[in-house]
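J.: Fold the following and give me the result.
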Amino acid sequence: MALQLPKPIAIYFAAEKADPETFGRCFAADAIVKDEGHTYIGLAAIKQWRTETQAKYVYTSEPFDSAQEKGKTIITSRLTGNFPGSPLDLRYFFTLDGDKIASLEIIV
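T.: Next comes the predicted model:
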């Protein structure tokens with residue numbers, strides 16, 4: 001049975017390999033992303049983060065678990081690619097604002 005994800009989160013995972021403009025459409029204009037010890041605020045910074053990540057790593061992401069906690073949607077996804085420790089399971093903590101992602105924190 002396929003994992004049923006809220007629409008903005010489904011778009012996020014589907015657009016991970018898309019160009020930064022397409023990827024950025026699932027985020028609110030003032031969204032915040034925290035990943036690998038860095039914080040990215042706003043669409044321009046988030047698109048830059050995505051561009052740099054795509055240049056640095058080749059990977060696939062397969063979400064396999066979903067939970068709700070304190071207003072956040074937590075998705076666990078298996079990442080497999082050319083990065084140290086591959087494969088590994090990451091937890092994505094999404095806060096949604098309507099049909100957009102307001103914040104995302106990615107934790108190992």
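J.: Using CSV, write out every CA atom in stretch 3-11.
T.: What follows is stretch 3-11, C-alpha atoms only, in CSV (Å, rounded to 0.1, in the frame of the first residue of the first chain):
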residue,chain,number,x,y,z
LEU,A,3,2.1,6.0,1.6
GLN,A,4,-0.6,8.7,1.5
LEU,A,5,1.1,12.1,1.9
PRO,A,6,-0.4,15.6,2.3
LYS,A,7,-0.4,17.3,-1.2
PRO,A,8,2.5,19.8,-0.5
ILE,A,9,4.7,17.0,0.9
ALA,A,10,3.9,14.7,-2.0
ILE,A,11,4.8,17.5,-4.3
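J.: Rounded mean pLDDT for it, please.
T.: Stretch 3-11 comes out with an average pLDDT of 92.
J.: in it, what's buried?
T.: Going by neighbour count (16 or more other Cβ atoms under 10 Å), the buried part of stretch 3-11 is 5, 8, 9, 11. In this view, the C-beta of every residue, glycine as well, is placed from N, C-alpha and C.
J.: Can you tell me which of the residues you listed is closest to residue 105?
T.: Comparing these against residue 105 with Cβ to Cβ places residue 9 closest, at 13.4 Å.
J.: Kindly list the longest helix within this structure.
T.: Criterion DSSP state H: the longest helix present in the chain is helix 43-56.
J.: mind saving the C-alpha coords of the following helix or strand past it as PDB?
T.: Next helix or strand after helix 43-56 toward the C-terminus (DSSP states H and E): strand 59-69. Output of strand 59-69 as PDB, limited to C-alpha atoms (Å, rounded to 0.1, in the frame of the first residue of the first chain):
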ATOM      1  CA  TYR A  59      20.400  10.100  -4.600                       C
ATOM      2  CA  THR A  60      16.900   8.700  -4.500                       C
ATOM      3  CA  SER A  61      14.500   9.200  -1.700                       C
ATOM      4  CA  GLU A  62      11.700   6.800  -0.800                       C
ATOM      5  CA  PRO A  63       9.200   7.900   1.900                       C
ATOM      6  CA  PHE A  64       8.000   4.900   3.900                       C
ATOM      7  CA  ASP A  65       6.500   6.200   7.200                       C
ATOM      8  CA  SER A  66       4.300   9.100   8.200                       C
ATOM      9  CA  ALA A  67       3.300  10.400  11.600                       C
ATOM     10  CA  GLN A  68       1.700  13.500  13.200                       C
ATOM     11  CA  GLU A  69       3.300  15.200  16.200                       C
END
